[in-house]
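Engineer: what follows is a predicted structure for the sequence shown.
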Amino acid sequence: MPAHRILFICLGNICRSPTAEGIFRKLVRERELEHRFEIDSAGTGDWHIGCPPDARAQHASLQRGVDISSMRARQVSAADLARFDTVIAMDLNNLQQLRELAPRSHHHKIRLLLDYTDIGDSREVPDPYYGGNHGFDLMIDLLEDACDQLLANLLGRS
Ligand code: 4NP
């Protein structure tokens with residue numbers, strides 16, 4: 001069976017999507033399913049290309065046993081939308097940007113992360129960049145729960 005290619009998307013690729021990538025990788029590794037998935041993340045914006053994740057995101061991740069320090073930000077491209085099987089947006093702005101980038105034939109691949117969950121009363125993972133540490137704690141709680149349910153959903157399909 002070919003690996004399922006999954007791409008996590010946020011705005012800057014330095015807070016939410018690299019953290020989601022790290023958490024999803026950890027869940028896959030714990031289940032010894034590395035051969036079943038190809039996992040990556042990117043941003044819709046270009047401001048942070050080549051940068052490591054935000055120090056606050058690195059810290060919050062490490063506290064949950066996830067080291068994202070070696071990741072580097074990149075910008076999503078139209079080629080990504082063709083290559084990946086599932087493209088996971090953190091918020092409605094990301095979703096809109098991805099829909100504009102992709103031909104209609106690829107729109108079915110693009111989903112909001114929190115649509116895989118019944119947590120919270122928002123469909124969006126809030127952008128923590130301009131806030132304090134509380135935003136990063138909330139972010140990581142949402143991402144852990146949602147990535148677990150996303151993986152269960154993808155495994156349930158195969
Ligand atoms: P992210 O957070 O989309 O979760 O990586 C942000 C990072 C940087 C900016 C905005 C959001 N920025 O405006 O530079």
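Structural biologist: That came through fine. Numbering: from 1, shown residues only.
Engineer: quick check, Ile9 in a strand?
Structural biologist: Yes: assessed with DSSP: H, G, I helix; E, B strand; the rest coil, Ile9 lies in a strand.
Engineer: element containing Ile39?
Structural biologist: strand 37-43 (DSSP states H and E).
Engineer: identify all contacting residues around that strand.
Structural biologist: 3-14, 17-18, 20-21, 24-25, 28, 71, 73-77, 80, 84 (Cβ atoms under 8 Å, 6 or more residues apart in numbering). Every C-beta, even on glycine, is put in place using the N, C-alpha and C of the backbone.
Engineer: run through who's touching the next helix-or-strand element following that strand.
Structural biologist: Sequence order places helix 55-63 as the next helix or strand after strand 37-43, per DSSP H and E. Here helix 55-63 makes contact (Cβ under 8 Å, 6+ apart) with 14-16, 18-19, 22-23, 52-53, 67-69, 128, 133, 136-137, 139-140.
Engineer: in helices only, show me those.
Structural biologist: If you go by DSSP state H, those have Arg16, Pro18, Thr19, Gly22, Ile23, Asn133, Phe136, Asp137, Met139, Ile140 in helices.
Engineer: for these, give me TSV that also has neighbour count, distance to the ligand and pLDDT.
Structural biologist: Formatted as TSV, the ones in helices among the contacts of helix 55-63 follow (neighbours: other Cβ atoms under 10 Å; distance: Cβ to the nearest ligand atom, whole Å; pLDDT from 0 to 100):
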residue	neighbour count	distance to the ligand	pLDDT
Arg16	34	3	98
Pro18	29	7	98
Thr19	33	8	98
Gly22	28	13	98
Ile23	25	13	98
Asn133	11	14	86
Phe136	23	10	96
Asp137	14	14	94
Met139	26	8	96
Ile140	23	12	96
